[in-house]
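>>> model this:
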Amino acid sequence: HTPAVSEALSPKQLWDDYGIVHGLNPFTTSFPRANIHELLSPDFLHQVIKGTFKDHLVTWVEQYLKKVHGTRGAAIIMADIDQR
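Sure thing, here's the model as predicted:
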C-alpha cells in the first residue's frame, strides 16, 4: 500500500495527509503474508486473570455486601467503589 500511495501523491501530501516519509517503505513491504491485523493476538494471560479473579471477585464481593448490608446498603457501597 505504501509504495502505491508514494507514487500517486507528492511528498508533502504523503506527510501531511498520511504521515508517510517519501522514499521510506516499512520493513514489511516485501513480506508476502505480513498483515499487522493477523499478527496481533489477544493477551491470553490478561483474559485468564480478568475472568478468573476480577469478574469472580467482583461478583463475590457484591454478594457479600448484599448479605451483610442489604440490597440498598450494598448498592451505596458499590456506587462508592465504582466512583473511585
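>>> tell me, how many residues neighbour residue 7?
Here the number of neighbours of residue 7 (other Cβ atoms under 10 Å) works out to 7. (C-beta placed from N, C-alpha, C; glycine too.)
>>> quick one: secondary structure of it?
helix (DSSP: H, G, I helix; E, B strand; the rest coil).
>>> what's the burial count for residue 4?
Other residues close to residue 4 by other Cβ under 10 Å number 8.
>>> contacting residues for it?
Listed by Cβ atoms under 8 Å, 6 or more residues apart in numbering, the contact set of residue 4 is empty.
>>> also residue 22?
6, 11, 14, 15.
>>> the first one and residue 31, how far apart?
It stands for residue 6. As judged by Cβ to Cβ, to the nearest Å, residue 6 and residue 31 stand 18 Å apart.
>>> can you check residue 59 too?
Distance from residue 59 to residue 31, by Cβ to Cβ: 45 Å.
>>> same question, residue 71
For residue 71, the distance to residue 31 - Cβ to Cβ - is 57 Å.
>>> over to residue 24?
16 Å.
>>> same check, this time on residue 68
58 Å.
>>> repeat for residue 9
Going from residue 9 to residue 31 by Cβ to Cβ gives 23 Å.
>>> using CSV, list the CA coordinates for stretch 23-34.
Extracted in CSV, the C-alpha atoms of stretch 23-34 (Å, rounded to 0.1, in the frame of the first residue of the first chain):
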residue,chain,number,x,y,z
GLY,A,23,11.0,7.1,-0.2
LEU,A,24,10.8,5.2,3.2
ASN,A,25,9.0,1.9,3.0
PRO,A,26,8.1,-0.2,6.0
PHE,A,27,10.3,-3.3,6.5
THR,A,28,7.2,-5.5,6.0
THR,A,29,6.7,-4.3,2.4
SER,A,30,8.4,-7.3,0.9
PHE,A,31,6.8,-9.8,3.3
PRO,A,32,4.1,-11.5,1.2
ARG,A,33,1.9,-12.5,4.2
ALA,A,34,2.6,-9.7,6.6
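>>> could you pull up phi and psi at residue 20?
For residue 20, the backbone dihedrals are phi -100, psi 130 (criterion: degrees, to the nearest 10).
>>> where exactly do the helices run in the protein?
2-8, 11-13, 36-39, 44-49, 56-83 (DSSP state H).
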